[in-house]
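A.B. asks: attaching a predicted model along with its sequence, questions to come.
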Amino acid sequence: MRNGALWDVVAVERDGTLLAVPAGRQTPADGGAASAVVRLPAAYTAEHVELGYATTTARSQGITVEESHTIATPGMGREDLYVAMTRGRHTNHTYVALPDDHDDCHPQAGGVASASATTTASAAAAAAGREALERILATSHAERSATETWHEFHPDQPSPLPPLTLGGLGLFAPRGPGLPPLGAVPQLPGLSR
């Protein structure tokens, strides 16, 4: 088995041995090939197998599932939320984690809340959830290029980077006096114009 591979458990034997097939494949009962079923002994499972129903956003890139359930947290960036919200083939759900001190997270005094208190708490929870999502969408964890960083901190100065060249041949350098015309550049093995 490959590290990080996802498998569907199709049966659990009395001794804890798992019968599994690669995730998304059919089982013999569904008309799939019997050779796709793998037996995972209980001792191996206990030491080397983890549940795969939950994963990090980074690890989920490239995975498609029937539906996704994402827990959105304050430290999340918009790129993470985008990845998480595009994993589900049929549905994608997001649950916003609210701070512990949010009133909707605690039972009401006296055990039963009035209808107006419940409505107020629900409205406050919705507003807090929306605010958390707006913060996530305003946060980017994408790395900026050196040129973008330079222009942010030195907006009135030209970039210190010289023109990009390929092996010093000036293929991408601006043409001008003293530079050979593009046709005069020698051909390198494996490159074509």
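C.D. replies: Ah, there it is.

A.B. asks: what about the strands in the protein?
C.D. replies: In the chain, the strands defined using DSSP state E lie at 7-12, 18-22, 38-40, 65-72, 88-96.

A.B. asks: dump those to CSV, plus mean neighbour count.
C.D. replies: Every C-beta, even on glycine, is put in place using the N, C-alpha and C of the backbone. As requested, these are exported to CSV (neighbours: other CB atoms under 10 Å):
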stretch, mean neighbour count
strand 7-12, 15
strand 18-22, 18
strand 38-40, 14
strand 65-72, 16
strand 88-96, 13
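
A.B. asks: including mean pLDDT and distance to residue 142, could the ones you listed go into a markdown table?
C.D. replies: What follows is those, written out as a markdown table (pLDDT from 0 to 100; distance: least, CB to CB, whole Å):
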| stretch | mean pLDDT | distance to residue 142 |
| --- | --- | --- |
| strand 7-12 | 90 | 33 |
| strand 18-22 | 91 | 33 |
| strand 38-40 | 92 | 39 |
| strand 65-72 | 90 | 18 |
| strand 88-96 | 93 | 20 |
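
A.B. asks: possible to save these as TSV with distance to residue 145?
C.D. replies: Converted to TSV, these look like this (distance: least, CB to CB, whole Å):
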stretch	distance to residue 145
strand 7-12	40
strand 18-22	39
strand 38-40	45
strand 65-72	28
strand 88-96	30
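
A.B. asks: by contact count, what packs against the lowest-mean-pLDDT helix or strand in the chain?
C.D. replies: Lowest by mean pLDDT, DSSP states H and E among the helices and strands of the chain is helix 57-60, with a mean of 80. Counting by 3 or more CB pairs under 8 Å, 6 or more residues apart in numbering; DSSP states H and E, the packing neighbours recorded for helix 57-60 are helix 78-84.
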